[in-house]
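Visitor: Below are the sequence and a predicted model for it; my questions follow.
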Amino acid sequence: MTDLLLSEAEKMFIIHGVQDNLRVDGRSCDDYRHIELETDVVSSANGSARLKLSQTDVLVGVKADLTTPPTDNPDVGTLEFFVDCSANAAPTFEGRGGEDLARDISSTLARAYSSDRCSSSMLKALCVVPSEQCWVLYIDILILECGGSLYDAVSIAVKAALSSTKVPVVKVTSSDGGKPELELSDDPYDSLRINVKHAPCNVTLSKIGHSHVVDASLEEEVCSLASLMMAVTEEGTVTMLKKSACGSLHPESIYEMLETGKNVGLNLNKQLTRQLLDEECLHTQMGTNREPKGFL
Amino acid sequence: MAVDLRLSCRIKQKPTTIYKEPDHLVTPGDVITTDTGFMRGHGTYMEDDKLYASVAGTVERVNKLICVQPLKSRYSGEVGDVVVGRIAEVGQKRWKVDTNSRLDSALLLSSVNLPGGELRRKTAEDELMMRQYLSEGDLISAEVQAVFHDGALSLHTRSLKYGKLSQGTLVKVSPSLVKRRKTHFHNLPCGASVIVGNNGYIWISPTVNEEADSTGGFVQDLNPVATADREVVARLHNCILAMARHRMMLSDTSIIYTYEASLAIGSLVKDLLKPEMESEVVTMARERLETES
Amino acid sequence: MAGVEVVSEQGFRTDGRKPNELRRIRCKQGVFSHADGSAYIEQGNTKVLATVYGPHEIRGSRSKALHDRAYVNCQFSMATFSTGERKQRPRGDRKSTEMTMHMKQTFEATILTQLYPRSQIDIFVEVLQADGGNFAACVNAATLALIDAGIPLKDYVCACTVGFVDDVTIVDINHLEETNHIAEFTVAMLPKSEQFVMLEMSSRLHLDHLSKVMDMATKACKDVHLVLDRAVRDHVSEVWQQLGNT
């Protein structure tokens, strides 16, 4: 991420503000900034979503492909995460500049989605022929703008993109002896949808001074010594926990942060599910007349 | 605890109005004139005795000088401009300052006032202690002293009103939103001070009761700011961002009007982050400016 | 052997266009606020984002600095989900490097770089959806982004792909037409002076047809220019009004 410089006085102002529960833009410590979401923006992908969280802009595309299932789990499909930090976001991401950050985000996502409840609800449906063929979902994340809270924005966009993904239905016709024949349905309305009920949303809590904040802006991230990332599902289960940055956290702070994170995560999931349902209805209403707003 | 998540399609779109084209609107490659009597200024180039535009904007003619001002560009300074900048590098006898221009500006050691207000020649010792005065990341307010031949600016802080900035917050907007005025330092009636830099960097801070400040700003007050003051600063921060997003010119009057509009509609400070609140506040301020001009 | 007829007997292409018809172009400037200039363009189903940073201090090695003009740095990248078949890597492959170089040469010829010695101008393009004419869309998007950033240009750079099949010249070819192994031209030109800044051809073409194709290409680029110019003028008018000028 871009190296932002702040003066000591600016940092003090931010830290005291957080203590006072009144941040630089008037938010309290557990408020998110304004989020805008749109799904189905890229027609070349099976599912997509674009999310704008104030100055952070991410675009997620999901493409489905057939492959052989892993040998240790022959009756489920797989998810593959790939993150690309576009140079659009910062000139330092040019070439291979953003690779470290990209790798970190994709491995965090992979861990968050690796819980067994998540796999059983989502991945079992992706199995076509056990031990022979299954669907692999390539989830590609493109980071277009970096304005803080990158991991959170990416996780929400991924959940939205997965919920809008339409995987073609496969009819298995068994041929006499040998491999079973697969027939992909041509009907665009006859598709398999992904169950994102147990997909988690990431909440990053940054420790600033003696308190912690949710959805830190770039300036607040500079002032934060340590942050805790947690992936929270709709029911409040935590599927991934990660501490980052170079400071250290006292166990008591960690408990407080986990508590805040869980509440915020529950609310976030609830809002997201509601909006996704609304969008689904809108899309079915508009049908083929719909033109994605996208970047226009 | 609030999570404001919305669908793009549900957000009310601006009605697509047909805007009137300004006179003398040119785009790159347009011929401005074939008359050879004119001098070419910024945004134009000459080829085959014809004057062409090189940027998209409006043609400005001052006597025999023709230039085209682009809508948005990096800050190009003029002598006498007030700027807010951030120290990027500490070099030999000079600091390199980031002022949102094409090249980093230079603040020479000979152009600053020493702490304590001493007026003396800078010694070799001062050179080694440069980092004590200003180090990387510090914010300063300064004035443009000169422009180097390659376009880089030379700044100075040789006045007590300039110098290192203390507690507050910085908002970055496009330089085209700031017009050149008599003064850029404003103590607003709501209890905050605003420095509107010509380079688009706006500094908002709580008003400090100034006794004869002879330290030139080098001694910083890092005590916590009162909550009421902090709220004023936060509201101004959101108002200025809203104005920038809706491309409203920034001046002390327009900032005060926008601030008062946000109080009039009774919104919480953080609600100003919502797009509909932003446009409402900006529209109210624009109307008020129009009726009072 | 191509299974699909590119141009039908009635003279219509697979998507219903006539041979000299461009796809619908929709564009917007100023998409991102933190970059100096940005633009988004849709040519049919091809969607491209371009951002411009600069002019600013040379980043990285100071040796790149040119004493008499600005250094133009480009990057061409395609999102992995942009193509029908998922791309393994967004950039770094030979095709992307080649496109990057072409873009750099195109814009070095157009930007008035001598006004900004010792500075750097970055142009980054990202293809979000690729449906043919990717490079042309990138050049058009980059032009809009440069104009948005207020960087002086000699003229617009308008690009278009033109194909030649069965004695018919078709303009603005989409992906389906591309896969039919037709002779394909990618041209970028400065519309006012009608000078070509970039020209690339693949497959084979008899020289007798060359002038016909070049004429169609010129006309197509001029049509693109009309659309882009209209968009820029509308954008300038809008911003002009918002800034409070009458």
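Guide: All right, it came through fine.

Visitor: ok, the helix-or-strand element of chain A with minimal mean pLDDT: who's next to it in the sheet?
Guide: Sorted by mean pLDDT, DSSP states H and E, the helices and strands of chain A end with strand A:181-184, the least confident at a mean of 76. Strand pairing for strand A:181-184, determined by DSSP bridges: strand A:170-173 (antiparallel).

Visitor: Rounded mean pLDDT for the partner strand, please.
Guide: Strand A:170-173 shows an average pLDDT of 80 in the prediction.

Visitor: ok, residues contacting it?
Guide: The set of residues external to strand A:170-173 that reach it, using C-beta atoms under 8 Å, 6 or more residues apart in numbering or on different chains, is A:66, A:128-129, A:133, A:180-185. The way it works is simple: take the backbone N, C-alpha and C, and place the C-beta from them, glycine included.

Visitor: let's see 6 Å
Guide: A:128-129, A:180-184 (C-beta atoms under 6 Å, 6 or more residues apart in numbering or on different chains).

Visitor: cool, and stretch A:66-76?
Guide: Residues beyond stretch A:66-76 that count as contacts (C-beta under 6 Å, 6+ apart) turn out to be A:123-124, A:127, A:130-131, A:133-134, A:136.

Visitor: what's the answer for stretch A:103-110, then?
Guide: A:81, A:83, A:154.

Visitor: With stretch C:105-123 instead?
Guide: Counting contacts by C-beta under 6 Å, 6+ apart, the residues outside stretch C:105-123 that touch it are A:91, B:54, B:102, B:150, C:52-55, C:58, C:65, C:67-74, C:142, C:152-154, C:157, C:188, C:197-198.

Visitor: Now which of those would you call buried?
Guide: A:91, B:54, B:102, C:52-55, C:58, C:69-74, C:142, C:152-154, C:157, C:188, C:197-198 (16 or more other C-beta atoms under 10 Å in any protein chain shown).

Visitor: now that we have the contacts of stretch A:103-110, which one has the most neighbours?
Guide: When the contacts of stretch A:103-110 are compared by neighbour count (other C-beta atoms under 10 Å in any protein chain shown), A:Val154 ends up highest, at 26 neighbours.

Visitor: quick one: that residue from A:Leu162, how far?
Guide: With distances defined as C-beta to C-beta, to the nearest Å, the gap from A:Val154 to A:Leu162 amounts to 12 Å.

Visitor: B:Thr58 now?
Guide: In this structure, B:Thr58 and A:Leu162 are separated by 48 Å, where distance is defined by C-beta to C-beta.

Visitor: likewise C:Arg118?
Guide: With distances defined as C-beta to C-beta, the gap from C:Arg118 to A:Leu162 amounts to 48 Å.

Visitor: So if I had to pick from those two, which one is more boxed in?
Guide: A:Leu162 (25 against 21).

Visitor: Need the pLDDT of that one.
Guide: Among the per-residue scores, A:Leu162 shows a pLDDT of 94.

Visitor: what's residue 6 in contact with, if anything?
Guide: Using chain A. For A:Leu6, the set of contacting residues under the criterion of C-beta under 6 Å, 6+ apart consists of A:222, B:137.

Visitor: nope, chain B
Guide: By C-beta under 6 Å, 6+ apart, the contact list for B:Arg6 reads A:Glu36.

Visitor: Helix or strand next in line after the helix or strand hosting it, which one?
Guide: With the criterion set as DSSP states H and E, the secondary-structure element containing B:Arg6 is strand B:5-7. Following the chain from strand B:5-7 toward its C-terminal end, the next helix or strand by DSSP H and E is strand B:25-26.

Visitor: nearest to chain C, of the contacts of stretch A:103-110?
Guide: In terms of C-beta to the nearest C-beta, no member of the contacts of stretch A:103-110 lies closer to chain C than A:Val83, at 10.1 Å.

Visitor: Would you mark the buried spots in the helix or strand where the closest one lies?
Guide: Secondary structure here is read from DSSP H and E; on that basis A:Val83 sits in strand A:78-85. Counting neighbours by 16+ other C-beta under 10 Å, one finds that the buried residues in strand A:78-85 are A:78-79, A:81-85.

Visitor: which residues in chain C form strands?
Guide: Using DSSP state E, the strands found in chain C span residues C:25-29, C:37-43, C:46-57, C:71-78, C:119-129, C:158-165, C:168-171, C:183-190, C:195-202.

Visitor: So what does B:Asp150 look like in phi/psi?
Guide: Summarising the backbone geometry of B:Asp150 under the convention degrees, to the nearest 10, its torsions are phi -90, psi 10.

Visitor: cool, and the one 10 residues further on?
Guide: The phi/psi pair for B:Leu160 (degrees, to the nearest 10) reads phi -70, psi -20.

Visitor: Can you give me the pLDDT of it?
Guide: For B:Leu160, the pLDDT comes out at 82.

Visitor: Considering the buried residues of strand A:78-85, which is situated nearest to C:Val7?
Guide: Closest to C:Val7 out of these is A:Asp84 (37.3 Å), distances taken as C-beta to C-beta.

Visitor: Whichever helix in chain C runs longest - contacts with which helices or strands?
Guide: Counting by DSSP state H, the longest helix found in chain C is helix C:210-242. Counting contacts by 3 or more C-beta pairs under 6 Å, 6 or more residues apart in numbering or on different chains; DSSP states H and E, helix C:210-242 packs against strand C:25-29, strand C:158-165, strand C:168-171.

Visitor: Count the residues that sit near residue 43.
Guide: Just going to use chain A. Neighbouring residues of A:Ser43 were enumerated by other C-beta under 10 Å; the total is 11.

Visitor: try again with chain B
Guide: Counted with other C-beta under 10 Å, residues neighbouring B:Gly43 total 25.

Visitor: Would you mind measuring from it to B:Glu231?
Guide: When B:Gly43 is compared with B:Glu231 (using C-beta to C-beta), they lie 43 Å apart.
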